[in-house]
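Peer 1: Dropping a prediction and its sequence here:
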Amino acid sequence: MTRKRVLILGGGPGGVVAANNIIRRLRGDDVEVTLVDKTGYHVFQPSQLWVMTGQREPDDIRRPLRLLERKGVKIVVDEVKAIRPENHVVNTNTGELPYDYLIVALGSVPEVSKIPGYEYSVCTPWTIEGALKCRKLLASFKKGSIVVAPLSWPYKCPPAPFEAAFMAKYLLEQRGAVEGSNVTVLHFWKEPMEPFGPSMASAFKKFMDMYGISFIGGVEVEGFEDRHVVTKRGERIEYNLAIAVPPHSPPEPVANSELGDPSIGGYMKVDRRTLRSPKYDNVYGVGDVIAPSLGIGMAGVFAHFQAEYVSSRIVDEIKGAYMGEHYNMSGVCVMDMGYLGAAVYCDFTRRIMSGEYPDCVILGGMKAFRAVKYAFERYWLDKWF
Ligand SMILES: Cc1cc2nc3c(=O)[nH]c(=O)nc-3n(C[C@H](O)[C@H](O)[C@H](O)COP(=O)(O)OP(=O)(O)OC[C@H]3O[C@@H](n4cnc5c(N)ncnc54)[C@H](O)[C@@H]3O)c2cc1C
């Protein structure tokens with residue numbers, strides 16, 4: 001067999017699962033697996049909400065990617081600057097990486113600098129630094145209004161703003177600061193979890209009513225000014241602390257390459273059955289960077305299942321025994337709501353194939369699901385590193 005070079009861009013769940021699977025199955029064969037990431041760390045992002053509440057420190061929820069070198073994966077800590085699929089080459093800050101197979105798993109970029117008025121008691125657990133800012137603001141919060149406000153779609157983890165609201169409310173209760181305080185989700189959706197269908201909307205409403213969290217739908221947030229949310233219609237809504245979800249952008253090297261598609265905001269276009277670039281047979285995409293192309297939300301669980309599929313496909317191509325199975329188009333999201341935990345399970349097959357609502361059920365809420373979330377975090381960080 002001639003030596004095959006598999007190049008993986010990004011060390012989030014998509015990149016890390018793909019690297020592990022390929023090296024596990026092809027170790028000993030003449031294959032080189034290289035993973036490039038500009039930070040050198042894998043972050044378990046769902047736990048950024050626990051960094052916000054002080055239950056985790058940043059180092060508890062990240063692992064150095066270099067740990068994968070023990071398994072035989074070559075790690076390059078460098079920034080991808082350009083993807084040139086026509087030449088089978090990726091350019092980084094320091095050099096050029098040629099490949100036979102490319103997996104693009106560069107995620108999406110939460111643009112904190114694009115939150116107007118971020119200095120006005122606004123924070124965001126969509127980044128680790130932002131989660132630490134939330135922790136500081138929450139620690140000094142005495143009473144008043146907390147708002148949770150996404151600025152635009154798409155953003156990572158559609159239910160996470162609701163989870164952040166539950167956690168904020170729970171934290172106030174535990175600290176005896178609930179008197180004179182309220183928590184409100186301001187969302188551009190008209191109903192909670194609107195794209196997931198009426199059953200999810202009513203399940204979320206029920207939980208929010210149960211714990212006294214308000215929802216105001218149809219609010220398009222422009223930014224924050226002097227402790228007021230400013231909407232695109234010019235309304236001003238007062239708050240004392242705002243937890244924002246930043247606008248997200250595609251990674252620049254994707255948007256600026258032939259892989260990016262302007263009709264989906266510059267995110268990567270893939271064939272929805274094979275996750276392959278429609279133009280380049282040896283280029284695949286997984287995770288957040290392809291979510292707009294599939295018409296689904298951004299979630300680690302999708303990145304995980306897609307990476308399992310893409311890596312099996314590449315291994316089978318190299319070994320010459322491809323079975324032709326589809327990837328698992330379902331997702332589970334476990335939420336810590338403070339009081340209880342709950343899991344949302346959705347099968348997106350109909351959504352991806354014909355644009356209908358996904359088939360969703362909400363499992364829980366039960367205290368037990370909080371334990372599931374803790375256990376999953378441990379499992380994840382132990383399993384892949
Ligand atoms: C608060 C919060 C809660 C969440 N909760 C859940 C949940 O409960 N369930 C769930 O399934 N998902 C959840 N998610 C979403 C989940 O974390 C993401 O969808 C997932 O991490 C996407 O994986 P990915 O591999 O596509 O990209 P990412 O994890 O974003 O990884 C991309 C990697 O690429 C690297 N990179 C980017 N650009 C470059 C470049 N130019 N050069 C080199 N490297 C680069 C980055 O450093 C990063 O390591 C949550 C996210 C947040 C923020």
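Peer 2: All right, it came through fine.
Peer 1: who touches residue 68 in this structure?
Peer 2: 16, 19-20, 23, 35, 75, 385 (Cβ atoms under 8 Å, 6 or more residues apart in numbering). Every C-beta, even on glycine, is put in place using the N, C-alpha and C of the backbone.
Peer 1: On the three-state scheme, it is what?
Peer 2: helix (DSSP: H, G, I helix; E, B strand; the rest coil).
Peer 1: Can you give me the pLDDT of it?
Peer 2: On the pLDDT scale, residue 68 is placed at 98.
Peer 1: picking that back up, from the contacts of residue 68, which single one is nearest the ligand?
Peer 2: Comparing those against the ligand with Cβ to the nearest ligand atom places residue 16 closest, at 7.5 Å.
Peer 1: ok so that closest one is a helix residue?
Peer 2: Yes - looking at residue 16 with three-state DSSP, it is inside a helix.
Peer 1: Could you count how many residues lie near residue 101?
Peer 2: 24 (other Cβ atoms under 10 Å).
Peer 1: From the contacts of residue 68, which land in helices?
Peer 2: 16, 19-20, 23 (DSSP state H).
Peer 1: Out of the residues you listed, which comes closest to residue 49?
Peer 2: Distance to residue 49 across the ones in helices among the contacts of residue 68 (Cβ to Cβ) is lowest for residue 16, with 20.4 Å.
Peer 1: Distance of the closest one relative to residue 38?
Peer 2: Using Cβ to Cβ, to the nearest Å, residue 16 is found at 15 Å from residue 38.
Peer 1: buried ones in the worst-scoring helix or strand of the chain on mean pLDDT?
Peer 2: The weakest-scoring helix or strand in the chain, judged by mean pLDDT, DSSP states H and E, is helix 349-354 (a mean of 78). For helix 349-354, a neighbour-count test (16 or more other Cβ atoms under 10 Å) marks 351-352 as buried.
Peer 1: which bits of the stretch 251-385 of the chain sit near the ligand?
Peer 2: Counting by Cβ under 6 Å from any ligand atom, the residues of the stretch 251-385 of the chain close to the ligand are 251, 253, 287-289, 298-301, 303, 333.
Peer 1: how about a cut-off of 8 Å?
Peer 2: When proximity is defined as Cβ under 8 Å from any ligand atom, the stretch 251-385 of the chain approaches the ligand at 251-253, 286-289, 291, 298-304, 307, 331-335, 373.
Peer 1: Only whichever of these are buried, select them in PyMOL.
Peer 2: In PyMOL syntax, the buried subset of those is picked out as below (16+ other Cβ under 10 Å):
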select buried, resi 251+252+253+286+287+288+289+291+298+299+300+301+302+303+304+307+331+333+334+335+373
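Peer 1: Sort out for me which of the residues of the stretch 251-385 of the chain next to the ligand are in strands.
Peer 2: Among these, DSSP state E puts 331-335 in strands.
Peer 1: The ligand: which of those is nearest?
Peer 2: Of all those, residue 333 has the smallest distance to the ligand: 4.4 Å, by Cβ to the nearest ligand atom.
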